[in-house]
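**Student:** got a predicted model here, sequence first, then my questions.
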Amino acid sequence: MALRFDDDQNPFIDLGQGRKIALDFAEYSDKASLDKASDELRESAEVVENSLGELRELLKDDKDLNIPVNDDAFLIRFLRPRKYYVKSAYELIKGYYKMKAKQDFIVDDISVKAIRVAFEERVIQLFPKRDQFGRRIVYMEIGASWDCSKVPFSEMIRAEHALLTLLSLEPSTQLNGLVVIANFDKLSFSHLGQFTPKFMKNTFELGQHLFPLRIKGINVINNAKLFNMFFNICKRFLGQKWSKRVNFHGSNMESLHQQIDPASLPVKLGGTCDLPDYDGKVFVELLEQFQGRFDELNSYGYAKSN
């Protein structure tokens, strides 16, 4: 793995043999995507134009909220996950930035310096290939490979939020969403001590209701004996939609493959995507190329509250 730049100076990770990890901020224009956007999101030129106008009118009255209201791409990032229902998108914007205004939570500030260890330790990974439905695949180590003395759970989730923030800027991901694979192999009592109810409540509130991205599935693998204790903490915070999207596979990779095509998965998950060892330091180098984006996003929102 090595960081490189294409002819337009866009950064990507070269995996060799023509394979790469790259972010794509270009609007989709292929017929399949346009048809899917129309069918699933009600997206059309007329709907987009009308929704942007209506949303700007609502935002004018919120004088305490600092966001770029004249930036179409910024507003569409919130309109797409709400299928262009303007009032719902407006509530999403307000809810997200009110959560961001809370002190000491994972969305209050994004910097590569604050999250680099989580990626260097490879507890959060982005797979290079999308799945059969065009969804991004994010992988999390929440078991034996997670040293919580190096990466507290709060920093793991902060790193995940930073990654998902970048992915939420990709139009194709706004359309297709993403799936998560969480590996709980050999979960221990030291890990369980990381999951405080208050933090879990805020984390699930953000993921289910306040983050502008379509999370289409959460796949739990290698759920160990202690997983039931962990899930008892979590399930009280699960809403109806996410309850239906959590899939438990144990060590049965064939079950996982019913959700995600093995062609998009590495060999360690029974997949056929032959990849080199994941180098977290190189992924940090990729993230560092987007610190300017993070700084811009950090500047938006409400004033901090206690």
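**Tutor:** Sure thing, it's come through.

**Student:** what distance do you get for the nearest residue to Asn176 once chain neighbours are set aside to Leu169?
**Tutor:** Distances taken as Cβ to Cβ, 6 or more residues apart in numbering put Gly134 closest to Asn176, at 3.7 Å, once the chain neighbours are dropped. C-beta here means a position set from N, CA and C on the backbone, and glycine is covered the same way. Applying Cβ to Cβ, to the nearest Å, one obtains 16 Å for the distance of Gly134 from Leu169.

**Student:** what about these two, which has more around it?
**Tutor:** Neighbours around Gly134 and Leu169, counted as other Cβ atoms under 10 Å, are more numerous at Leu169. The numbers are 19 against 16.

**Student:** quick one: that one is in a helix?
**Tutor:** No: assessed with DSSP: H, G, I helix; E, B strand; the rest coil, Leu169 is coil; it does not lie in a helix.

**Student:** show the contacting residues for it.
**Tutor:** If you count contacts by Cβ atoms under 8 Å, 6 or more residues apart in numbering, Leu169 has them with 23, 25, 73, 77, 293.

**Student:** just the buried members of the residues you listed?
**Tutor:** Applying a neighbour-count criterion of 16 or more other Cβ atoms under 10 Å, the buried members of the contacts of Leu169 are 23, 77, 293.

**Student:** elements contacting the lowest-mean-pLDDT helix or strand in the chain?
**Tutor:** Within the chain, no helix or strand scores below helix 227-235, which has a mean of 80 by mean pLDDT, DSSP states H and E. With contacts defined as 3 or more Cβ pairs under 8 Å, 6 or more residues apart in numbering; DSSP states H and E, the packing partners of helix 227-235 are helix 189-192, helix 197-205.

**Student:** go through that helix and flag the buried ones.
**Tutor:** Judged by neighbour count using 16+ other Cβ under 10 Å, the buried positions of helix 227-235 are 227, 230-231, 234.

**Student:** out of these, which is nearest to Leu192?
**Tutor:** Using Cβ to Cβ, the shortest approach to Leu192 within the buried residues of helix 227-235 belongs to Phe230, at 6.1 Å.

**Student:** now Pro44. Nearest residue, chain neighbours left out?
**Tutor:** Just to correct that, residue 44 is Ser rather than Pro. Spatial nearest neighbour of Ser44, chain neighbours left out: Ser38 (6.1 Å); criterion: Cβ to Cβ, 6+ apart.

**Student:** what helix or strand does the closest residue to Glu43 other than its chain neighbours sit in?
**Tutor:** Setting aside the residues directly before and after it, Glu43 is nearest to Ala37 in space (Cβ to Cβ, 6+ apart), at 3.9 Å. Ala37 belongs to helix 31-41 when elements are defined using DSSP states H and E.
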